[in-house]
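1. Please work out how this folds:
(chains A, B, C and D)
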2 protein chains.
Amino acid sequence: MPEAASPSSRRPPRARYRELTLREIKDLAWEQVAEGGGAALSLNSIARRMGVTGPALYRYFANRDALLTDLVCEGYRGLAEAVDVAVPERGEAAPELRLRAFVQAMWTWSTEMPHRYLLLFGAPVPGYAAPEDTFEQAFRPMAVLFDVLAELPAGPAETSAVSGGRLRDQLAGWVADRGGAPVPPEVALRAVRCWTRLHGLISLALVGQFTATGVDPEAVLRVELDALLAGH
Amino acid sequence: MPEAASPSSRRPPRARYRELTLREIKDLAWEQVAEGGGAALSLNSIARRMGVTGPALYRYFANRDALLTDLVCEGYRGLAEAVDVAVPERGEAAPELRLRAFVQAMWTWSTEMPHRYLLLFGAPVPGYAAPEDTFEQAFRPMAVLFDVLAELPAGPAETSAVSGGRLRDQLAGWVADRGGAPVPPEVALRAVRCWTRLHGLISLALVGQFTATGVDPEAVLRVELDALLAGH
DNA sequence: TTCTCTAGTTATAGGTTCTAACTAAGGTGA
DNA sequence: TCACCTTAGTTAGAACCTATAACTAGAGAA
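-> Take a look at the predicted model:
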């Protein structure tokens, strides 16, 4: 009996066919998300484009939400891999360059398919349906950010903010829960601040809040990145 | 003939009734948005709750998108008014307190109805086109932020970033287009950075990205606000 | 009183998700 | 080889949704 996690080749034909069909469904689903966002996703229209009837897809996904959940998880995985590929390992590049690479990777990944980013970070997470693997994948870019920021000198704001108090405990509890390399709370706070700033700029740019202003969000991003590198 | 913009009282009964009905529709629509977001808005279910049949509502809104657009515009106006009320005028309070009031007003307004904030600044609803009045309303909180930040000393990042170059021109063009009091590009850049940071924190908190971490977003907000006040 | 305009009605078309019950065909074991 | 079982896909249909067309009843105005 072959392994459950093997690729679509070298499997019994039934399972192989099933994997190919799943892939086709999700590819078409991504197409729909790409042009109209999660709201535009329609099982019926995917079925039509595949040349089958609507109810056939319920053999592959329990309902529309299940497909959406699967896409979200795949999205997180894709983002994590893009970040992993783009950011050099420790020692392979200067810390400043690693942070620049991280920010650039996030920006590129989100702008090349705006609705994909918004699907992950723009709508309330259902919570009831999110499998544990999703949280795992979603955390991976943050772990990279921890690793990058640990090499950069901490700013004055972090060190004073986490000197005792509830925030320090919350940050410590968070990184402890996630396991992996130990991360000091200063670094965790720095990472959260970096992440939220990046998200603010990216998401406002993606939904078009900058277009009417004529201001280039990427230029603002450069200013923010420089501030981050200056320890602020 | 009475004025077109008069309130619902003191108008011919036909027009008065129409305004009351419009109000009732929008109130119920906000209720639906509050619990399920823009995607959960249903003309049919609003009609049911009003005790009329579905098609009756098409006398008041051309289609579902028209109602959504109206809500968005109303949302921007509400946010602008909340900010106007919360932030003291120049001279009535110290600049630091005015910025704190602004941030607090934004945070309160967004968290008291998360889906309302997300309707304005989250993923765009397919088919939505903002009328000119919306831009006007949407800019009002930013104008307040200009006014507040103009009183605070500019940080080093802004002054160097806008020393010539495209960004300076873009910022100058933007504030010139919007009219009102003249705003130096340093202040405009500072406002954009403040706005995007605030949005990043608020929106990630609203969609629940903080819940799994156990970190209190409001504590992070305080750190960011302190950094802003320190000129960073 | 009569006329007109409007808010609501019903009927209907076409879209969606999703369930139930049936059919056809491929894979498996005796 | 044959029978069985599992699975993918089918049709039919319920319960929603948006939206349009055509009709009706009643309020306001001439």
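
2. So A:Met142 sits against A:Cys194, correct?
-> No. Assessed by Cβ atoms under 8 Å, A:Met142 is found out of contact with A:Cys194, at 9.8 Å. Bear in mind the C-beta positions are built from the backbone N, C-alpha and C, glycine included.

3. Distance from the stretch of helix or strand A:Glu186 belongs to to the middle of the chain?
-> Assessed by DSSP states H and E, A:Glu186 sits inside helix A:185-206. Taking Cα atoms, centre = their mean, to the nearest Å, one finds helix A:185-206 lying 13 Å from the centre of the chain it belongs to.

4. Measure how buried the nearest residue to A:Glu151 once chain neighbours are set aside is and give me the count.
-> Closest residue to A:Glu151 apart from its sequence neighbours, by Cβ to Cβ, 6 or more residues apart in numbering or on different chains: A:Pro95 at 3.9 Å. A:Pro95: 15 surrounding residues under other Cβ atoms under 10 Å in any protein chain shown.

5. A:Pro95 touches A:Leu152, doesn't it?
-> Yes. If you go by Cβ under 8 Å, A:Pro95 and A:Leu152 touch, sitting 5.0 Å apart.

6. show me what contacts the residue nearest to the spatial centre of chain A?
-> Centroid-nearest residue in chain A, with Cα atoms, centre = their mean: A:Tyr76, separated by 4.0 Å. Under the criterion of Cβ atoms under 8 Å, 6 or more residues apart in numbering or on different chains, the neighbours of A:Tyr76 are A:Leu120, A:Thr134, A:Gln137, A:Ala138, A:Arg140.

7. Same check on A:Gly37?
-> A:His115, A:Leu118, A:Leu119, B:Ala123, B:Pro124, B:Pro126.

8. so which of the residues you listed is the most crowded?
-> Busiest of those [other Cβ under 10 Å] is B:Ala123, holding 24 neighbours.

9. how close does that one sit to DNA strand D?
-> 18 Å (Cβ to the nearest atom of the strand, to the nearest Å).

10. Per the annotation, how does chain A divide into domains?
-> For chain A, automatic domain parsing gives the domain ranges A:10-61, A:81-229.

11. what residues does chain A put near DNA strand D?
-> Contacts of chain A with DNA strand D, taken as Cβ under 7 Å from any atom of the strand, map to A:14, A:17-18, A:21, A:47, A:51-56, A:59-60.

12. mind redoing it with 10 Å?
-> Residues of chain A found near DNA strand D (Cβ under 10 Å from any atom of the strand) are A:14-15, A:17-22, A:24-25, A:44, A:47, A:50-60.

13. Could you confirm whether any residue of the helix or strand of chain A with the lowest mean pLDDT contacts chain B?
-> In chain A, no helix or strand scores lower on mean pLDDT, DSSP states H and E than helix A:156-161, which sits at a mean of 84. Yes. Using Cβ under 8 Å from any Cβ of the partner chain, helix A:156-161 reaches chain B at A:Ala157, A:Glu158, A:Ala161.

14. Now do the helices in chain A.
-> Per DSSP state H, chain A carries helices over the ranges A:13-36, A:43-50, A:64-86, A:95-111, A:114-121, A:132-149, A:156-161, A:166-178, A:185-206, A:217-229.

15. Turn those helices into a markdown table, including distance to B:Ala130.
-> Shown next, in a markdown table, are the helices of chain A (distance: least, Cβ to Cβ, whole Å):
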| stretch | distance to B:Ala130 |
| --- | --- |
| helix A:13-36 | 18 |
| helix A:43-50 | 27 |
| helix A:64-86 | 27 |
| helix A:95-111 | 21 |
| helix A:114-121 | 17 |
| helix A:132-149 | 32 |
| helix A:156-161 | 37 |
| helix A:166-178 | 38 |
| helix A:185-206 | 15 |
| helix A:217-229 | 18 |
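
16. most tightly surrounded among the ones you listed?
-> helix A:185-206 (a mean of 24; mean count of other Cβ atoms under 10 Å in any protein chain shown).

17. DNA strand D versus the closest residue to A:Val223 other than its chain neighbours, what's the distance?
-> Using Cβ to Cβ, 6+ apart and skipping the chain neighbours, the partner closest in space to A:Val223 is B:Ala161 (4.6 Å). Distance, B:Ala161 to DNA strand D, using Cβ to the nearest atom of the strand: 45 Å.

18. ok, now which ones touch A:His115?
-> Here A:His115 is in contact with A:Val33, A:Ala34, A:Glu35, A:Gly36, A:Gly37, A:Gly38, B:Ala123 (criterion: Cβ under 8 Å, 6+ apart).

19. er, A:Trp107 actually
-> A:Trp107 touches A:Leu198, A:Ile202, A:Glu218, A:Leu221, counting by Cβ under 8 Å, 6+ apart.

20. for those, which one is nearest B:Asp84?
-> A:Ile202 (28.7 Å; Cβ to Cβ).
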